[in-house]
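*Asks:* here is a sequence together with a model predicted from it:
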Amino acid sequence: HSNREMWFQDFLSPNTCPINAKANTFYGIMFDAGSTGTRIHIYTFVQKSPEVEGEIFESVKPGLSAYADQPEKGAETVKALLDMAVDAVPPHLWKKTPVVLKATAGLRLLSEEKAQALLSEVKEVFEESPFLVPEDSVGIMDGSHEGILAWITVNFLTGQLSGQNQQTVGILDLGGASTQITFLPRFEETLKETPEDFLTSFEMFNSTYKLYTHSYLGFGLKAARLATLGALNMEVVDGQMFRSSCLPKHLEAEWHFGGVKYQYGGNKEGETGFKPCYLEVLKVVKGKLHQPDEIRGSSFYAFSYYYDRAADTNLIDYERGGVLEVRNFERKAKEVCDNMERYNSASPFLCMDLTYITALLKEGFGFRDNTILKLTKKVNNIETSWTLGATFYLLQSLGMTY
Ligand SMILES: Nc1ncnc2c1ncn2[C@@H]1O[C@H](COP(=O)(O)OP(=O)(O)O)[C@@H](O)[C@H]1O
Ligand SMILES: [Ca+2]
């Protein structure tokens, strides 16, 4: 678009405004470049306060990191999603609508050079689009921000960040390559016992929150599979086989993650089932995570793979989510691992995944068997993702909200 065309669009805006778009409507576009997929969130806001009116969400698989050696092809997947935004946002608002992409653990695990090549191709796609491209619009997000922004999203959507009597909730996010825990400590003890780099002050909506947050790189569900198989951070030799008691006995297959091919299989001769599997998985988590006392008795919102695996095994409804106790994951892990032949229609990793989730919650974070987990994908029809918090942060930095 030439400047001239843009000028005309501005001039004509009252006429080109779609009937259902109110005069005080504005938009924000946030890309989540996750390790397993790339997602676009197109948010509509109605007031500067701000109030979220709606969201358009779409995603593609695999994630950008799978294009480590073809950065242009990776950027094309972003372009395809951005074209949706061109259709969704009224033309007269294009150049007032910021677009940002933040990558998470998948790109953190790539070499600096490969990650930068992908990001600069994406930046080009943004610059060729009609949208507002702020400084630092494309980059790798800090792990601590991932948790904080998801915490902002959930507590904003559940109404905890406005008014008095704020009773915020903690959040657990289990991605493909990393996992996050974030909560607002209530006890002085917690602040004293916590390493300084687990505490971050964050300003949002005219309040400052001192949050406990940490992102554990390599502890996402898929990275944990590799760790359990003993294949994480290994130079994989062609034909090398990784075996585990968490997999069906006679399984032999291959798997691509982060651009590497892995061959894996069951313990053909040895043991299989929950007990040996739990011992294997325990090696991955035991003693590796900080355990704040305070969380044992509180309830948490959990999403991403916590949600997916609970829904896969009918612990919760796929659409509506549900409320679980930590012990429900353990019970289901036992049921699946001790009857692996019966579950062979679903993912061969189901036993390993459920066992890892159980071990991560109990031995990793130190939750109790009866700690309550609320599993939700959406609140008020908006995705419970860090992307909404990130969009608020963006709008705030651009002076578009109060
Ligand atoms: N907006 C979303 N809606 C639903 N599920 C999501 C969304 N974003 C991420 N997920 C879930 O997150 C998990 C994958 O995490 P991902 O974001 O790809 O990895 P990482 O956070 O480690 O980079 C999957 O369970 C996927 O379904
Ligand atoms: Ca994620």
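*Replies:* Right, received. Where do you want to start? Residues are numbered from 1 along each chain as shown. Ligands and ions are numbered 1, 2, ... in the order given.
*Asks:* what residues does Leu315 make contact with?
*Replies:* 322, 324, 328-329, 332 (C-beta atoms under 8 Å, 6 or more residues apart in numbering). The C-beta positions use only the backbone N, C-alpha and C, and glycine is treated the same way.
*Asks:* Ala150: neighbouring residues, count only.
*Replies:* 26 (other C-beta atoms under 10 Å).
*Asks:* ditto for Asp317
*Replies:* 11.
*Asks:* near ligand 2, which residues of the protein are found?
*Replies:* 34, 175 (C-beta under 5 Å from the ion).
*Asks:* can you tell me the residue of the stretch 201-350 of the chain closest to ligand 2?
*Replies:* Nearest residue of the stretch 201-350 of the chain to ligand 2 (C-beta to the ion) works out as Ser304 at 5.9 Å.
*Asks:* longest strand of the protein?
*Replies:* Secondary structure of the chain read by DSSP state E shows that its longest strand is strand 207-217.
*Asks:* for whatever helix or strand comes next after that strand, packing partners?
*Replies:* Note on strand 207-217: by DSSP states H and E, the next helix or strand toward the C-terminus is helix 221-229. Secondary-structure packing of helix 221-229 (3 or more C-beta pairs under 8 Å, 6 or more residues apart in numbering; DSSP states H and E): strand 241-244, strand 260-266, helix 274-285, helix 350-359.
*Asks:* wait, which of those is closest to ligand 1?
*Replies:* helix 350-359 (10.4 Å; C-beta to the nearest ligand atom).
*Asks:* could you dump the closest one to CSV, C-alpha only?
*Replies:* Taking only C-alpha atoms (Å, rounded to 0.1, in the frame of the first residue of the first chain), the coordinates of helix 350-359 have been written out as CSV:
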residue,chain,number,x,y,z
LEU,A,350,-0.1,-42.1,26.6
CYS,A,351,1.3,-44.1,29.5
MET,A,352,4.6,-42.2,29.5
ASP,A,353,2.8,-38.8,29.3
LEU,A,354,0.4,-39.5,32.1
THR,A,355,3.2,-40.9,34.3
TYR,A,356,5.3,-37.9,33.6
ILE,A,357,2.5,-35.5,34.5
THR,A,358,2.0,-37.5,37.8
ALA,A,359,5.7,-37.4,38.6
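*Asks:* chain center to it: distance?
*Replies:* 18 Å (C-alpha atoms, centre = their mean, to the nearest Å).
*Asks:* okay, the angle between that helix and helix 221-229?
*Replies:* Here the directions of helix 350-359 and helix 221-229 differ by 100 degrees (axes from the mean of the first three to the mean of the last three C-alpha atoms, to 10 degrees).
*Asks:* helix 350-359 vs ligand 1: in contact?
*Replies:* No. Applying C-beta under 6 Å from any ligand atom, one finds helix 350-359 separated from ligand 1 by no less than 10.4 Å.
*Asks:* so which of the helices and strands packed on helix 221-229 comes closest to Phe365?
*Replies:* Across the helices and strands packed on helix 221-229, Phe365 has its closest neighbour in helix 274-285 (9.1 Å, C-beta to C-beta).
*Asks:* now what about that closest one, what contacts it?
*Replies:* Under the criterion C-beta under 8 Å, 6+ apart, residues 219, 224, 227-228, 244-246, 267, 270, 333-334, 337-338, 351-352, 355-356, 358-360, 363-364 lie in contact with helix 274-285.
*Asks:* circling back to that earlier point, ok, now which ones touch the residue of the stretch 201-350 of the chain closest to ligand 2?
*Replies:* With C-beta under 8 Å, 6+ apart, Ser304 has these contacts: 173-175.
*Asks:* from these, which is closest to Leu184?
*Replies:* Using C-beta to C-beta, those come closest to Leu184 at Asp173, 15.9 Å.
*Asks:* list the contacts of that closest one.
*Replies:* Going by C-beta under 8 Å, 6+ apart, Asp173 touches 146-147, 150, 179-180, 302-304, 386.
*Asks:* returning to that earlier point: let's see which of the contacts of Leu315 end up in helices.
*Replies:* Residues of the contacts of Leu315 located in helices (DSSP state H): 328-329, 332.
*Asks:* for the residues you listed, which one is nearest ligand 1?
*Replies:* The closest of the ones in helices among the contacts of Leu315, once distances to ligand 1 are taken by C-beta to the nearest ligand atom, is Phe329, at 14.9 Å.
*Asks:* so the residue of the stretch 201-350 of the chain closest to ligand 2 bridges to which residues?
*Replies:* In this entry, Ser304 is beta-bridged to Leu174, by DSSP bridges.
*Asks:* looking at the protein, which helix is longest?
*Replies:* helix 71-88.
*Asks:* now do the buried residues in it.
*Replies:* 71, 74-75, 77-78, 81-82, 85, 88 (16 or more other C-beta atoms under 10 Å).
*Asks:* same question, stretch 195-206
*Replies:* Buried-residue list, stretch 195-206, by 16+ other C-beta under 10 Å: 198-200, 202, 204.
*Asks:* ok, now how distant is Ser120 from Thr158?
*Replies:* 38 Å (C-beta to C-beta, to the nearest Å).
*Asks:* can you pull the residues of the stretch 301-402 of the chain lying near ligand 1?
*Replies:* So the stretch 301-402 of the chain meets ligand 1 at 304-305, 308, 377, 383, 385 (C-beta under 6 Å from any ligand atom).
*Asks:* list the contacts for the residue most central in space within the chain?
*Replies:* Residue closest to the average C-alpha location in the chain (C-alpha atoms, centre = their mean): Gly175, at 5.2 Å. Each residue near Gly175 by C-beta under 8 Å, 6+ apart is listed here: 34-36, 104-105, 220-221, 304-305.
*Asks:* could you measure from it over to Thr25?
*Replies:* Gly175 is 32 Å from Thr25, by C-beta to C-beta.
*Asks:* for ligand 1, what is the nearest residue in the stretch 1-150 of the chain?
*Replies:* The minimum distance from the stretch 1-150 of the chain to ligand 1, using C-beta to the nearest ligand atom, falls at Gly34 (2.5 Å).
*Asks:* ok, the stretch 301-402 of the chain next?
*Replies:* Ser304 (3.5 Å).
*Asks:* likewise the stretch 51-200 of the chain?
*Replies:* For the stretch 51-200 of the chain, C-beta to the nearest ligand atom, closest residue to ligand 1: Gly175, 2.3 Å.
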